[in-house]
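Student: Turn this into a model:
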Amino acid sequence: YREVAVIVARQNGKTTLLVPLILQRLLSGQRVMHTAQNRELPRDVFGQVADIVVKHYGSLLRSLPRFANGQEEIRLLNGGRYRIVAPTRGGARGPSNDLVIVDELREMTDMDFIAAVKPTLVASEKGQIVYLSNAGTKESTVLNALRERSLVDKSLAYLEWSAAPERAPDDVRGWREANPSIGY
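Tutor: Alright, predicted model coming up:
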């Protein structure tokens, strides 16, 4: 899928999924861009990836990872690159990407970043956008539009874990439906 959306409650492993995904893409020479509504979440993931790369793949580094705010980047000798950008139209512009990760999609209220980032994937044979979020609100414009699009666009993998609408808030069956990591 060129676009994959994973919608699941907080503390269910979205970040845990990201680290191996980013590492696999980076080690295969791909260019990865990561954004979220603030820098905290991508910086946490970036730090985990940087630690693993330095410890286990240090000989593949073009230079040491950059941690300066607004310049976070890992570059490998094989052309692999992982960087964090601001979730703005300007942040999306720049070099080509193979993978774009948009974290906390529920916080995006306009399509500017998505519209600006899609052209950066054109040169990639298997370019992909991965959207991660938990449930949004009426104001979650981009997430809600993506969900609506998933009803008709079979090229979009939309994976959502949520309680059946008829479940009461105290129904444990709904908790299990919305939290796939219960017990792990």
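Student: make it CA atoms for all contacts and neighbour counts henceforth
Tutor: Will do.
Student: Which residue lies nearest the spatial centre of the chain?
Tutor: Ile101 (2.9 Å; Cα atoms, centre = their mean).
Student: Buried ones in the worst-scoring helix or strand of the chain on mean pLDDT, by neighbour count?
Tutor: Taking mean pLDDT, DSSP states H and E as the measure, the chain has helix 89-92 as its least confident helix or strand, at a mean of 81. Of the residues in helix 89-92, 91-92 count as buried by neighbour count, 16 or more other Cα atoms under 10 Å.
Student: just to revisit the earlier point, any idea how far the residue nearest to the centre of the chain lies from Ser28?
Tutor: In this view, Ile101 and Ser28 are 17 Å apart by Cα to Cα, to the nearest Å.
Student: Ok, Trp175 next?
Tutor: According to Cα to Cα, Trp175 stands 38 Å off from Ser28.
Student: for Leu143, same thing?
Tutor: 30 Å.
Student: which other helices and strands contact the helix of greatest length in the chain?
Tutor: With DSSP state H setting the assignment, residue counts place helix 40-57 as the longest helix in the chain. Under the contact definition 3 or more Cα pairs under 8 Å, 6 or more residues apart in numbering; DSSP states H and E, helix 40-57 sits against helix 14-27, strand 81-84.
Student: Tell me which of these approaches Tyr131 most closely.
Tutor: Among the helices and strands packed on helix 40-57, helix 14-27 comes nearest to Tyr131, with 10.2 Å by Cα to Cα.
Student: Following the chain onward from the helix or strand where Val100 lies, which element is next?
Tutor: Val100 belongs to strand 99-103 when assigned by DSSP states H and E. Per DSSP H and E, the first helix or strand lying C-terminal to strand 99-103 is helix 112-117.
Student: Which elements pack onto that next one?
Tutor: helix 89-92.
Student: what about dumping the CA coordinates of the helix it packs on to CSV?
Tutor: What follows is helix 89-92, C-alpha atoms only, in CSV (Å, rounded to 0.1, in the frame of the first residue of the first chain):
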residue,chain,number,x,y,z
ARG,A,89,4.1,22.9,4.4
GLY,A,90,7.7,24.1,4.6
GLY,A,91,8.8,21.1,6.7
ALA,A,92,7.5,18.8,4.0
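Student: List the neighbours of stretch 113-133 that are in contact with it.
Tutor: 1-9, 14, 87-106 (Cα atoms under 8 Å, 6 or more residues apart in numbering).
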